[in-house]
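Student: Fold the stuff below for me.
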Amino acid sequence: MREPDLGQFRPRREDVLVSVCLAELSPGAETFAKLRALAARLDAAFRFREIVLVVDETDHAAFLPIIAELANLRLFVVRRGTEYYQRRVIAAEEAIGDLVVIGHLDELARLDLIAFLDLAERENAVAMAFRPARRPIKRLLAWPFIALGKLAGFHVDPSDFQSLAVPRTALNLLLAHEEPRLALRFPPRDPRIAVEWLRTGENVESRNAFIGLARRAQLFQTLLVHLTPTVLSLVSLTSALLAALGLAYGAYVGVVALVKEALAPGWLTTNAMLAASAAFMGFSTLGLSLGLQYLLRQQARSRAAPAPEEVNQVDLYAQVAFDLNVAQDRGAG
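Tutor: Have a look, this model is predicted:
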């Protein structure tokens, strides 16, 4: 006889607010059905939840019916063409939950969302999902990103699911990172931010190594740009070494000119020019690289993000006060 699943009889939690952020949605019956199913799964486990949607300004009208249907569904409108990773940042900044999921709708439909949230809360860590069985071609395409990610200080693997669950404290650290767009997709290798992985055998049809080529190219470029401080440090070291070699070679040329009575025609001038050129190039490149590093450190943490417009206003705090039957008397002494 099959034993009943005790998890389905677990009472709804009332001590935590869960936020689910979705930044890539296309209006349609299938999307709306998945949103209804997602809301039902959350409502079965948590009393307080919200779903944050970030959509293009040209699509927001199509989402108005589902907003009217589902409670605590927040819709934010951004300019068309806003970068996908920037949309995730916007959604995370607007979320107010104690536990926040930044995910992809198709992936969340395949994941055990409640176990995903429990893992993040229990370990107080960023929870990510991955599928152990991967095709060799996908692994081959992923290794350049993995190598760049390690150099840049991120847990980068494009084969990992895009969805992650994170407690509020860790989310604040991710948003405070100098590159929050990457940090909210690939957690940084930071001792303050623990990372846990949830193994799943489910496969998502929309996840294909060749479908998101443009996004992967953008990710590759972003990783290279983020490596700029490291590259400049290497340039500084090599430039200093080149300048030192130029000076040493110049000293060698001077000693030879003093010691040797007869030199080959043109040897002194040629080698003196080589030594001067090496020293000049080394000092010039060193000065430029150090100047760029100084400017990078003085630069603001990030540019102003595109301000979203919230279509509907949801006051979850008022709902909590009403459900708990709490009254505030401002005139009480």
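Student: Who are the packing partners of the helix or strand hosting Ala92?
Tutor: Counting by DSSP states H and E, the element that carries Ala92 is helix 84-94. Taking 3 or more C-beta pairs under 8 Å, 6 or more residues apart in numbering; DSSP states H and E as the contact definition, the neighbouring helices and strands of helix 84-94 are strand 13-22, strand 46-56, strand 73-78, strand 99-103, helix 168-175, helix 180-183. C-beta coordinates here come from the backbone N, C-alpha and C atoms, glycine included.
Student: which helices and strands does the shortest one pack with?
Tutor: Spelled out, it's helix 180-183. So helix 180-183, by 3+ C-beta pairs under 8 Å, 6+ apart, packs with helix 84-94, helix 168-175, helix 213-226.
Student: now the first one
Tutor: Contact partners of strand 13-22 among helices and strands, from 3+ C-beta pairs under 8 Å, 6+ apart: helix 29-45, strand 46-56, helix 84-94, strand 99-103.
Student: repeat that with 6 Å
Tutor: Using 3 or more C-beta pairs under 6 Å, 6 or more residues apart in numbering; DSSP states H and E as the contact test, the elements touching strand 13-22 are strand 46-56, strand 99-103.
Student: what's the neighbour count on the closest residue to Leu286 other than its chain neighbours?
Tutor: Leaving aside its chain neighbours, Leu286 sits nearest to Ser239 (3.8 Å; criterion: C-beta to C-beta, 6 or more residues apart in numbering). Applying other C-beta atoms under 10 Å, we find 20 residues neighbouring Ser239.
Student: For the host helix or strand of Ser239, name the packing helices and strands.
Tutor: In the assignment (DSSP H and E), Ser239 maps to helix 228-259. In this structure, helix 228-259 packs against helix 267-298, with contacts taken as 3+ C-beta pairs under 6 Å, 6+ apart.
Student: Next, the buried residues of the helix it packs on.
Tutor: Neighbour-count burial for helix 267-298, counted by 16 or more other C-beta atoms under 10 Å, picks out 271, 275, 278-279, 282-283, 285-286, 289-290, 292-293.
Student: Report the contact partners of the closest residue to Ser19 other than its chain neighbours.
Tutor: Leaving aside its chain neighbours, Ser19 sits nearest to Gly97 (3.1 Å; criterion: C-beta to C-beta, 6+ apart). With contacts defined as C-beta atoms under 6 Å, 6 or more residues apart in numbering, Gly97 is in contact with 17-19.
Student: gap between Leu64 and Ser26?
Tutor: According to C-beta to C-beta, to the nearest Å, Leu64 stands 15 Å off from Ser26.
Student: so for the host helix or strand of Lys150, what's the average pLDDT?
Tutor: Lys150 is part of helix 136-152 when elements are defined by DSSP H and E. Confidence for helix 136-152, expressed as mean pLDDT, is 75.
Student: same question, stretch 93-111
Tutor: So the average pLDDT for stretch 93-111 ends up being 90.
Student: before we move on, back to that, buried stuff in the helix holding Ser239?
Tutor: 232, 235-236, 239-240, 242-243, 246-247, 249-250, 253.
Student: I'd like those laid out as JSON lines, including pLDDT.
Tutor: What follows is the buried residues of helix 228-259, written out as JSON lines (pLDDT from 0 to 100):
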{"residue": "Leu232", "pLDDT": "84"}
{"residue": "Val235", "pLDDT": "88"}
{"residue": "Ser236", "pLDDT": "90"}
{"residue": "Ser239", "pLDDT": "91"}
{"residue": "Ala240", "pLDDT": "91"}
{"residue": "Leu242", "pLDDT": "91"}
{"residue": "Ala243", "pLDDT": "92"}
{"residue": "Gly246", "pLDDT": "92"}
{"residue": "Leu247", "pLDDT": "93"}
{"residue": "Tyr249", "pLDDT": "91"}
{"residue": "Gly250", "pLDDT": "91"}
{"residue": "Val253", "pLDDT": "89"}
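Student: Just give me the closest of those to Glu50.
Tutor: The nearest member of those to Glu50, counting by C-beta to C-beta, is Leu232 at 42.2 Å.
Student: who's in contact with the closest one?
Tutor: For Leu232, the residues meeting the contact criterion (C-beta under 6 Å, 6+ apart) are 289, 292-293.
Student: All set, thanks.
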